[in-house]
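Novice: coords below, sequence missing:
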Ligand SMILES: Cc1cc2nc3c(=O)[nH]c(=O)nc-3n(C[C@H](O)[C@H](O)[C@H](O)COP(=O)(O)OP(=O)(O)OC[C@H]3O[C@@H](n4cnc5c(N)ncnc54)[C@H](O)[C@@H]3O)c2cc1C
């Protein structure tokens, strides 16, 4: 009988109903949290203005939740939502938030720039209730040229950090990410590579000190946290070893003239052989030169399927175009770079060029913290130690041509990256790594085609296994993925527990 309910089922339903009604509502949890915050700080500000919850104002809550979230896959209705978002204005508020989350048994997700590939800064699967502490209002940056350093608060974007440095000096820079809207908080804690890594290493290699909050709400600097924790926070991944409040970073020298270029080769323009050559030279080039390759299908899809593969070589050279031409003639003439391809500019403009801003955009555009990449996407990464043979590349082209909007970006290593020991920081991909691959598939119709794209990614990733690092196959922690079957699920990690907090 369709409506017959067994006694066992009836009891189960009753228990569920009781549990649901016993669970405190989001406004009760928020009230308790606020009372706890007030008890733990001298909060002399309109505290409610720092809270966003669906009960209070669903529209505002949605806007705040979505504000910096990059991967739209994690904003669908079926994704779990925080009971509220708290946006601290002062460091003491973050300290109190840690104490109160622990006291009230609320799982806490930290968000700086919201670029996490799997939405880990604003979604928690199987951990309820959870709250998001969003650090975007803690974004002060103090640059001190005398000590060649800067303090940057976690909520600042890397674009803001670059801007504030160049505001004081045109010959100082910082070697972190290529995308200007990344949050410095969650970025450096996973390593942070960028276009100057061959010369200066990662962002994390250039961290001098940090201020973190531990599970007891205490603020610790490098001396107080000790060298082991200081080691761990420079590359082991976000949300793991406490709340990063601010980083003290070392500035690096940049020349007044930097040269950039983009040269594109399709398969019909000998693209496969040029890429084969790039794999042999990219990690050995002059350390002032960084050439990454952006690879994707190009041309229209027709019934005869005549799309091709385009390989775009995007370069940044820390010097003028005359010297760049000499370096290229000697080391990589196969690319056919000409003086006409070269554009000389300041370092900050070169950063913007690589980040995808139009040449006309002023440096102030970096202060908007606006992301140029918000999408439904799935990504993975690989490290390569031997050049992928031509037949391997040809097989990859076939895979790429099967997918709607795939993209793969190959970033060269070598130089300073090879001179830093693999145990210096938790980021071990050093000597012997030729380049890192980022695999991406993007789409715009939400859940409708998701399964198809994930399936494509798995198939392509499985095909590439033979050509990439082995035992273990390695990946970049800042592009971490939810493991599809078994193993560690990062979303299940509870940073408070890792700190021994509860
Ligand atoms: C479009 C795009 C471009 C990218 N380009 C690059 C690049 O050029 N180079 C590169 O190295 N990486 C790049 N990444 C990866 C990027 O470094 C990571 O996604 C990084 O974690 C982003 O930091 P966030 O603060 O913006 O992210 P969030 O989503 O805010 O945080 C990421 C993780 O860190 C945790 N976290 C956040 N803030 C803190 C904090 N203050 N203390 C402790 N844990 C915290 C979060 O809980 C989460 O687990 C890119 C990502 C995207 C989406």
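Specialist: Sure thing, it's come through. Everything quoted here is computed from the prediction, not taken from an experiment.
Novice: nearest spatial neighbour of residue 214, skipping sequence neighbours?
Specialist: Nearest non-adjacent residue to residue 214, counting by Cβ to Cβ, 6 or more residues apart in numbering: residue 242, 5.1 Å away. Every residue, glycine included, has its C-beta placed from N, CA and C.
Novice: State the distance from that neighbour to the ligand.
Specialist: Here the criterion is Cβ to the nearest ligand atom, to the nearest Å. By it, residue 242 lies 7 Å from the ligand.
Novice: Contact residues of the stretch 301-450 of the chain facing the ligand?
Specialist: The stretch 301-450 of the chain has residues residue 373 near the ligand, with proximity defined as Cβ under 6 Å from any ligand atom.
Novice: got the residue ranges for the strands in the stretch 301-450 of the chain?
Specialist: Counting by DSSP state E, counting those that start in this stretch, the stretch 301-450 of the chain has strands at residues 308-317, 343-345, 376-384, 406-412, 435-443.
Novice: Just confirm residue 287 is within a helix.
Specialist: No - counting by DSSP: H, G, I helix; E, B strand; the rest coil, residue 287 is not found in a helix; it is coil.
Novice: ok so, going back, shouldn't the residue nearest to residue 214 be in contact with residue 233?
Specialist: Yes - between residue 242 and residue 233 a contact is recorded at 7.4 Å, counting by Cβ atoms under 8 Å.
Novice: Need the overlap of contacts for those two.
Specialist: 212, 225 (Cβ atoms under 8 Å, 6 or more residues apart in numbering).
Novice: of these two, who's got more company?
Specialist: Between residue 242 and residue 233, counted using other Cβ atoms under 10 Å, residue 242 has the larger neighbour count: 27 against 24.
Novice: For that one, grab phi and psi.
Specialist: Residue 242 adopts backbone torsions of phi 110, psi 180, taken as degrees, to the nearest 10.
Novice: In the stretch 151-300 of the chain, which residue sits nearest the ligand?
Specialist: Scanning the stretch 151-300 of the chain for proximity to the ligand using Cβ to the nearest ligand atom identifies residue 238 as nearest, at 1.9 Å.
Novice: who's in contact with that residue?
Specialist: Per Cβ under 8 Å, 6+ apart, neighbours of residue 238: 110, 112, 116, 120, 121, 185, 186, 189, 190, 478.
Novice: which two in the residues you listed are spaced the farthest apart?
Specialist: Maximum pairwise distance among those (Cβ to Cβ): 14.7 Å, between 110 and 478.
Novice: Run a quick neighbour tally on the closest residue to residue 400 other than its chain neighbours.
Specialist: The shortest distance from residue 400 to any residue other than its chain neighbours is 5.0 Å, reached at residue 406 (Cβ to Cβ, 6+ apart). Residues lying near residue 406 (other Cβ under 10 Å) number 20.
Novice: Report the beta-bridge partner residues of residue 406.
Specialist: Residue 406 has these beta-bridge partners by DSSP bridges: residue 441.
Novice: now do the same end-to-end measure for stretch 118-135.
Specialist: 19 Å (Cα to Cα, to the nearest Å).
Novice: Mind listing what's buried along that stretch?
Specialist: 118-125, 127, 129-135 (16 or more other Cβ atoms under 10 Å).
Novice: Need the contacts of residue 238 in a markdown table (columns: pLDDT and secondary structure).
Specialist: Formatted as a markdown table, those follow (pLDDT from 0 to 100; DSSP: H, G, I helix; E, B strand; the rest coil):
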| residue | pLDDT | secondary structure |
| --- | --- | --- |
| 110 | 97 | strand |
| 112 | 98 | coil |
| 116 | 96 | coil |
| 120 | 94 | coil |
| 121 | 96 | coil |
| 185 | 98 | helix |
| 186 | 97 | helix |
| 189 | 97 | coil |
| 190 | 97 | coil |
| 478 | 95 | helix |
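Novice: Quick check: of those, which has the highest neighbour count?
Specialist: Of the contacts of residue 238, with other Cβ under 10 Å as the count, residue 189 tops at 33 neighbours.
Novice: list the contacts for it?
Specialist: Counted by Cβ under 8 Å, 6+ apart, residue 189 has contacts 204, 233, 234, 235, 236, 237, 238, 240, 241, 244.
Novice: so which one among the residues you listed has the lowest pLDDT?
Specialist: In terms of pLDDT, the lowest of these is residue 240, showing 85.
Novice: what about that one, is that helix, strand or coil?
Specialist: coil.
Novice: How many neighbouring residues does it have?
Specialist: Residue 240: 18 surrounding residues under other Cβ under 10 Å.
Novice: My understanding was that it contacts residue 232; is that so?
Specialist: Yes - between residue 240 and residue 232 there is a contact at 7.5 Å, judged by Cβ under 8 Å.
Novice: the helices in the stretch 401-502 of the chain, which residues?
Specialist: Counting by DSSP state H, counting those that start in this stretch, the stretch 401-502 of the chain has helices at residues 416-419, 450-464, 495-498.
Novice: Show me which residues of the stretch 1-150 of the chain sit near the ligand.
Specialist: Checking the stretch 1-150 of the chain against the ligand by Cβ under 6 Å from any ligand atom, the hits are 70, 109-117, 120-121, 135.
Novice: please redo it, this time with the cut-off set to 5 Å
Specialist: Residues of the stretch 1-150 of the chain that fall close to the ligand, judged by Cβ under 5 Å from any ligand atom: 70, 110, 111, 112, 113, 114, 115, 116, 120, 121.
Novice: So which of the residues you listed is the closest to the ligand?
Specialist: For these, the nearest to the ligand is residue 113 (2.4 Å; Cβ to the nearest ligand atom).
Novice: Is that closest one in contact with residue 68, as I believe?
Specialist: Yes - using Cβ under 8 Å, residue 113 makes contact with residue 68 at a distance of 5.9 Å.
Novice: Just the terminal-to-terminal distance for stretch 62-77.
Specialist: Length of stretch 62-77, first residue to last, Cα to Cα: 11 Å.
Novice: Setting aside sequence neighbours, what's the nearest residue to residue 409?
Specialist: residue 438 (4.6 Å).
Novice: picking that back up, hey, what's in contact with both of residue 113 and residue 68?
Specialist: Shared contacts of residue 113 and residue 68, defined by Cβ under 8 Å, 6+ apart, are found at 136, 181, 183.
Novice: Among those residues, which one is most surrounded by other residues?
Specialist: Counting by other Cβ under 10 Å, top hit in the shared contacts of residue 113 and residue 68: residue 183 with 31 neighbours.
Novice: mind giving me the domain split of this structure?
Specialist: Following automatic domain parsing, one gets these domains for the chain: 7-137, 141-253, 258-345+375-479.
Novice: Pick the most buried one from those.
Specialist: Across the domains of the chain, averaging neighbours per residue (mean count of other Cβ atoms under 10 Å) puts domain 141-253 on top, at a mean of 22.
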